[in-house]
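Colleague: what follows is a predicted structure for the sequence shown.
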Amino acid sequence: MSNIGRVIVAVSGGVDSAVAALFLKRKGFDVVGVFMENWDVTDEMGICSVAQDAEDAQWVCSRLDIPFHHVSFVKEYWHEVFCSLLKDYGSGYTPNPDILCNRQIKFDTFYRYAKDKMDANAIATGHYARTTFGSFLENYDPVAGVHLLKPVDLFKDQTFFLSQVPQMPLQRTMFPLGNLTKNQVRRIACEHEMYHIVKKKESRGICFIGSRNFRNFISEYLVDKPGNFRDIDNGHIVGKHSGIHQWTIGQRCRIGGQVKPYFVARKDPKSDDILVASGTNHPSLFIQFFFAAESHWIHSVPEPLMLEGIFECEFRFQHTKPLVKCTLVAMADNQVLVKLVRPLRAITLGQYAVFYKGKECLGSARITLLGPSLQSLGHGEQNGCLVRGIVYDSAVHTVDVRG
Ligand SMILES: Nc1ncnc2c1ncn2[C@@H]1O[C@H](COP(=O)(O)OP(=O)(O)OP(=O)(O)O)[C@@H](O)[C@H]1O
């Protein structure tokens, strides 16, 4: 894109966006830094981390000698991200707030603000990701459309969180860090004497809410709805809980009076029962296919899926987990049936199934219906032994289907 002019960079007060802003400035763009405030309470420790981050963001901008703006999207975050989270938790889903925050806030509210209110031609963030348009939109080609690609630093790959970003904002987004590793970014920040920014802890946990205990946090907003823990093998009540929203699939439950470790296998929002399985590799925790809805394809629906109704690619449903080969089958209403090459543990309703082909992140769809577990299919014992053709690998929580 020639003549880009003004670029609005989202500056969080962390090292990544600081170095992204530095690169933009070096490239000669008319750069403006914007800090977004999306949440407005002091955390449990009495420290207002938002104020500290805003101060750091301002410091970064003054160090780079670029204008700084502090904007509040508290209302938008509340309505478009947080309310939807609460609704999901209440109905037994485990949503992904970071994916939603990128889709609704950074690549919608913030993008529109930059374009309409600040007269910008492009936005930039410190995400580790690349696009076919290049780190600085040097290959901008609106006719071809943009593809989202993994970054050079695969360990820091953030494409998972960007898998619901719409095409138009992505076409106007620069990811200046896509070709760098985190170590290089830290080193560059040190070379520019941004020592206290480099030393800051990585942002963890829910977008903008920080690193506080999420279960305690969400409980402040949803009323308790007590129910029973039931052993999935025999239906016996083995304990009580105070709400299905506090638990997620695969999570270990510390149930008073029980010697064996139990893990959440299913949640029933109608009865408020949580079905628990004894042992981390219990067959009720593994499934091999599921349905996902509201498919979002960043560039376009993959051709084989559109033309033949079937498509082979790779999948993950958690940011840090390895990719697993899968086959997608097109269903009505923008749904897909996802069949994995091997059963996986703790696939969870409400999470996003994110699809990849080679170095491209294609998009994602929301997991809405789970197929039968290995237990329902009649598979019994586990723990590293061969059971009806299936080897359970307890170390990585995956199983290989043999024969
Ligand atoms: N409060 C905020 N205000 C402005 N931009 C933000 C804010 N939070 C995140 N961002 C933008 O989103 C990017 C990714 O945020 P995330 O919290 O996932 O990343 P991070 O890797 O810790 O980045 P950083 O080191 O810049 O904080 C940031 O690099 C920044 O550009």
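Modeller: All right, it came through fine.
Colleague: quick check: phi and psi on residue 104?
Modeller: phi -90, psi -30 (degrees, to the nearest 10).
Colleague: ok, the closest residue to it other than its chain neighbours to residue 158 distance?
Modeller: Once flanking residues are discounted, residue 104 sits nearest to residue 80: 4.1 Å by C-beta to C-beta, 6 or more residues apart in numbering. (Glycine included, C-beta is placed from N, CA and C.) Residue 80 sits 20 Å away from residue 158, going by C-beta to C-beta, to the nearest Å.
Colleague: give me the more crowded residue out of these two.
Modeller: Neighbours were counted for residue 80 and for residue 158 using other C-beta atoms under 10 Å; residue 158 has more, 23 against 17.
Colleague: surely the more buried one touches residue 150?
Modeller: No - the criterion here is C-beta atoms under 8 Å, and residue 158 misses it with residue 150 at 9.5 Å.
Colleague: between the two, what contacts are shared?
Modeller: Residues touching both residue 158 and residue 150 (C-beta atoms under 8 Å, 6 or more residues apart in numbering): residue 129.
Colleague: ok, residue 56 - contacts?
Modeller: 13-14, 196-197, 200.
Colleague: to clarify, my last question referred to residue 298.
Modeller: For residue 298, the contacting residues are 146-148, 163, 165, 167, 170, 361-363, by C-beta under 8 Å, 6+ apart.
Colleague: residue 188: which of the contacts of residue 56 is nearest?
Modeller: residue 197 (11.3 Å; C-beta to C-beta).
Colleague: now, of the contacts of residue 56, which are buried?
Modeller: Buried members of the contacts of residue 56, scored by 16 or more other C-beta atoms under 10 Å, are 13-14, 197, 200.
Colleague: could the residues you listed be laid out in JSON lines, adding pLDDT and distance to the ligand?
Modeller: Output for those, formatted as JSON lines (pLDDT from 0 to 100; distance: C-beta to the nearest ligand atom, whole Å):
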{"residue": "13", "pLDDT": "95", "distance to the ligand": "7"}
{"residue": "14", "pLDDT": "96", "distance to the ligand": "2"}
{"residue": "197", "pLDDT": "95", "distance to the ligand": "8"}
{"residue": "200", "pLDDT": "83", "distance to the ligand": "8"}
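Colleague: could you dump the residues you listed to CSV with secondary structure?
Modeller: As requested, the buried ones among the contacts of residue 56 are exported to CSV (DSSP: H, G, I helix; E, B strand; the rest coil):
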residue, secondary structure
13, coil
14, coil
197, helix
200, coil
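Colleague: state the phi and psi torsions of the one residue sitting closest to the centre of the chain.
Modeller: Closest residue to the average C-alpha location of the chain: residue 161 at 3.9 Å, with C-alpha atoms, centre = their mean. In terms of degrees, to the nearest 10, the main-chain angles of residue 161 are phi -80, psi -10.
Colleague: what about the closest residue to it other than its chain neighbours, how many residues close to it?
Modeller: Once flanking residues are discounted, residue 161 sits nearest to residue 98: 4.9 Å by C-beta to C-beta, 6+ apart. Residue 98 has 20 neighbours, counted by other C-beta under 10 Å.
Colleague: Three-state assignment for residue 98, please.
Modeller: Classification of residue 98 by three-state DSSP places it in helix.
Colleague: please compute how far stretch 268-286 lies from its chain's middle.
Modeller: Relative to the mean C-alpha coordinate of its chain, stretch 268-286 is positioned 24 Å out (C-alpha atoms, centre = their mean, to the nearest Å).
Colleague: quick one: what helix or strand has residue 189 in it?
Modeller: Element membership for residue 189 (DSSP states H and E) is helix 182-191.
Colleague: can you list the helices and strands that that helix packs against?
Modeller: helix 15-26, helix 195-199 (3 or more C-beta pairs under 8 Å, 6 or more residues apart in numbering; DSSP states H and E).
Colleague: mind putting those helices in a markdown table, distance to residue 304 included?
Modeller: A markdown table is the format used below for those (distance: least, C-beta to C-beta, whole Å):
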| stretch | distance to residue 304 |
| --- | --- |
| helix 15-26 | 36 |
| helix 195-199 | 45 |
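Colleague: of these, which is nearest residue 51?
Modeller: Residue 51 sits nearest to helix 195-199 of all those, at 15.4 Å, using C-beta to C-beta.
Colleague: CA atoms of the closest one as CSV?
Modeller: Backbone C-alpha positions of helix 195-199 (Å, rounded to 0.1, in the frame of the first residue of the first chain) are rendered in CSV as follows:
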residue,chain,number,x,y,z
TYR,A,195,14.5,-1.8,30.7
HIS,A,196,11.4,-1.6,33.0
ILE,A,197,9.1,-2.4,30.1
VAL,A,198,11.2,-5.5,29.3
LYS,A,199,11.2,-6.6,32.9
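Colleague: so which elements touch that helix?
Modeller: Using 3+ C-beta pairs under 8 Å, 6+ apart, helix 195-199 sits against helix 15-26, helix 49-64, helix 182-191.
Colleague: which one of these lies nearest to residue 142?
Modeller: helix 15-26 (20.9 Å).
Colleague: who's in contact with the closest one?
Modeller: Applying C-beta under 8 Å, 6+ apart, the contact partners of helix 15-26 are 7, 9-11, 31, 33, 57, 60-61, 64-66, 124-128, 135-136, 174-177, 180, 185-186, 188-189, 192, 194, 197-198, 200.
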